[in-house]
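>>> Let me see the structure of the following:
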Amino acid sequence: MYEYHNNTLSIPAKLLYEDWGLITYTNYLNLCHRGKLVRTKEGRGPGNEPFVSFHDLPVHQGVDFKKVCVENLKNPKDVIVRNQLEAYILPDVKAARFFAEHRKPNGRPLSDEDQREKATNAMILNGIQMLFNGPKLKKKAFGTKSTMVWNEVSIAVNGINPKRWTFSLPGNPRRLKAKYEEYQKNGYEVFLHKGEGQKNAQIIKDEIADFLLAKYCLPNKMSIPEVLADYDKEAIKRGWKDLTEQGIYNWLYQPEQERIWTLARHGLSAYNKKYKHTITRDRSDWFPNAYWAIDGTKLDWIHYWDDSSNKMGAKLKIDVMFDVYSEKIIGWDLSFTESHIEHFKAIKMAVNESQCRPYYLTYDHQGGHKMDRMQSLYDSLMAVEGHGTHHPNKARNHSNPSEQLFQRFQQQVITKFWFSDGQGVTVRRDDNKMNVDFILENKDHLKTVEELQKAWQAAVNIWNSKQHPKFEASRNEVYQHQMPMQEPLTLWDIMDKMWIEETKRLVTYKSSGMYLKIGGEDYEFEVYDKTGAVDLDFRYKNIGKKFKVRYDPDFLDGYVQLYDKDEKGNFVWVANAEPKRKHQNIPALMKEGQKESWHADMQVRKLELERTQRELKALEDRTGINRQSLIEDTDLMIKMGGNMTKVEQLITEAVNQEYDF
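Next up, the predicted model:
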């Protein structure tokens, strides 16, 4: 015999101490006093029976009171339990007619389910109103404490049998109270989305529409409640009518408005993703080496940064040249930087692999690609007769083939190595994240940078050997498809193209040699003669002169080329400069032959000074202008009192007398 008291499912207290004999009446009073049993009805006075909460029945002295209750009275879910509020939920014909006749802006009626749900909402609130209108009924249903009334009302609403009634009233007491008061004021309309009605459609136009859209377009990304709050402030000033969050939402998310605020609120990339019109490329005529794409990115492999550090991370960067038709990787470079040096090395490998010129080349906006030296290299690399062209990919262009290939390469190959850190820090799926615990447990087995070079080569081989997604062949095999047109590169062309020029500045050859900073590293070069000795003649004639330098980043331990302008303003080769020799100045640490080499280089300063002195002596002898003549001329000037005219006359007479003699 379950009953609701104070909207709480309850049972008669006497079942515990009389019918079932679980406790004595004294124990019952003691448990109530201690809060172990919760009385929902006191039972004072004749004819009044005490009740206790079913859901709060305790386990006492090893006996589960709730379990005993279910065994004797059945589960309350299986019996009809009467909620006092349910007795006052009565049909409302007017509500049913109102929702049946209502039409949305598109002319469509509410669904049967929506009509039933909204009409039931009205019927429940009508029932609450009936209980409130009768003081005794209100007291019996919701208790005597006025401050707790809406808590009790909420409990009653939440306790309505959902199998019997379909409704959508708020469960929170404060929100339920607000809905009730709104219903008392506006009637059935409170259950409609105000934004769907014609009222909001008529209100949101002209300056109101501009205000709402402009606010939602701001890049600080205001929420709709925030927009509404600003609107309400402005509405007071301008006399605008009230709007709701739902009404604003419905209007803003119409395609015409959404397109505008997507661009302003989220940027061009988000706009392009949703709205940008696309074209379909015709790839039917493509062939190997028709289209190359180069791009660089972080290599997602964990390693120690250097031998002297215990810091782990994925710091290496990879520069890759793809043949877009076959998807084969034809050139690459692995290093800690991404500059024109790395681009150059990847291109050099691609040229050596293909032995021909590409017809189309694209690259990202990384600064190294835009340098004059690289642009000059690209110009000379492209097909001539086929009008080859190269350019950077358009910013935020989703059709960049290298990015798409990189993404698949990462997913299919790179992340399969156990020391991979996944696809980046922004990934959400656990399958795309690294297992940090596993990495830390095996950190002693992480690869060195040198070992990662070999691992990368293995990854490239795996990718190139995998089947092409559109051909029944591997990428290596697709790369061997026939080329209907081809402009080959000769061995000389390849060697010539693979030297980079310092085109932006000339480099001064100083007394210490030539200093270059390439790829963030410092290099020193010296010109030596055929015997390996410092070229004294070159130094004598060129210290202080500026040269254009050409070099191969892979051959910096060999030599660099120095160019100077000829009489016509053209640059011509002058000499090759080799890495400058380094010497050990501690005799005990010198190896065999180093002492002689050190002595020979130390002699350079002496030999150059002696040569300069000889040249000076020969000049003085040829002209008679020397230090001694300067002293004599000065003494004579002093003797004549500064009368230089008289001095010059005496000198002239002396010379004439010498010739007469």
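
>>> CA atoms only for the helix or strand hosting N121, dumped as PDB, please.
Secondary-structure assignment from DSSP states H and E places N121 in helix 112-133. These are the backbone C-alpha positions of helix 112-133, laid out as PDB (Å, rounded to 0.1, in the frame of the first residue of the first chain):
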ATOM      1  CA  ASP A 112       0.900  15.000 -32.900                       C
ATOM      2  CA  GLU A 113       3.600  14.300 -30.400                       C
ATOM      3  CA  ASP A 114       4.400  18.000 -29.900                       C
ATOM      4  CA  GLN A 115       0.600  18.800 -29.600                       C
ATOM      5  CA  ARG A 116       0.200  16.100 -27.000                       C
ATOM      6  CA  GLU A 117       3.300  17.200 -25.000                       C
ATOM      7  CA  LYS A 118       2.400  20.900 -25.000                       C
ATOM      8  CA  ALA A 119      -1.200  20.300 -24.100                       C
ATOM      9  CA  THR A 120      -0.100  18.100 -21.200                       C
ATOM     10  CA  ASN A 121       2.300  20.800 -20.000                       C
ATOM     11  CA  ALA A 122      -0.700  23.100 -19.800                       C
ATOM     12  CA  MET A 123      -2.800  20.500 -18.000                       C
ATOM     13  CA  ILE A 124      -0.200  20.000 -15.300                       C
ATOM     14  CA  LEU A 125       0.200  23.700 -14.700                       C
ATOM     15  CA  ASN A 126      -3.600  23.900 -14.500                       C
ATOM     16  CA  GLY A 127      -3.500  21.200 -11.800                       C
ATOM     17  CA  ILE A 128      -0.900  23.100  -9.800                       C
ATOM     18  CA  GLN A 129      -3.100  26.200 -10.100                       C
ATOM     19  CA  MET A 130      -6.100  24.300  -8.700                       C
ATOM     20  CA  LEU A 131      -4.100  23.000  -5.700                       C
ATOM     21  CA  PHE A 132      -2.800  26.500  -5.100                       C
ATOM     22  CA  ASN A 133      -6.400  27.900  -5.200                       C
END
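
>>> For whichever strand or helix holds D635, list the C-alpha coordinates in PDB.
Using DSSP H and E, D635 sits within helix 627-639. What follows is helix 627-639, C-alpha atoms only, in PDB (Å, rounded to 0.1, in the frame of the first residue of the first chain):
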ATOM      1  CA  ARG A 627     111.300  58.500 -46.500                       C
ATOM      2  CA  GLN A 628     114.800  60.000 -46.900                       C
ATOM      3  CA  SER A 629     113.700  62.400 -49.600                       C
ATOM      4  CA  LEU A 630     110.800  63.500 -47.400                       C
ATOM      5  CA  ILE A 631     113.200  64.300 -44.600                       C
ATOM      6  CA  GLU A 632     115.500  66.300 -46.900                       C
ATOM      7  CA  ASP A 633     112.700  68.200 -48.500                       C
ATOM      8  CA  THR A 634     111.300  69.100 -45.100                       C
ATOM      9  CA  ASP A 635     114.700  70.300 -43.800                       C
ATOM     10  CA  LEU A 636     115.200  72.500 -46.900                       C
ATOM     11  CA  MET A 637     111.800  74.100 -46.400                       C
ATOM     12  CA  ILE A 638     112.600  74.900 -42.800                       C
ATOM     13  CA  LYS A 639     116.000  76.400 -43.900                       C
END
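
>>> H481 contacts S326, correct?
Yes - using CB atoms under 8 Å as the test, H481 is close enough to S326 to be in contact (7.3 Å). In this view, the C-beta of every residue, glycine as well, is placed from N, C-alpha and C.

>>> Quickly list what's touching both of the two.
P288 (CB atoms under 8 Å, 6 or more residues apart in numbering).
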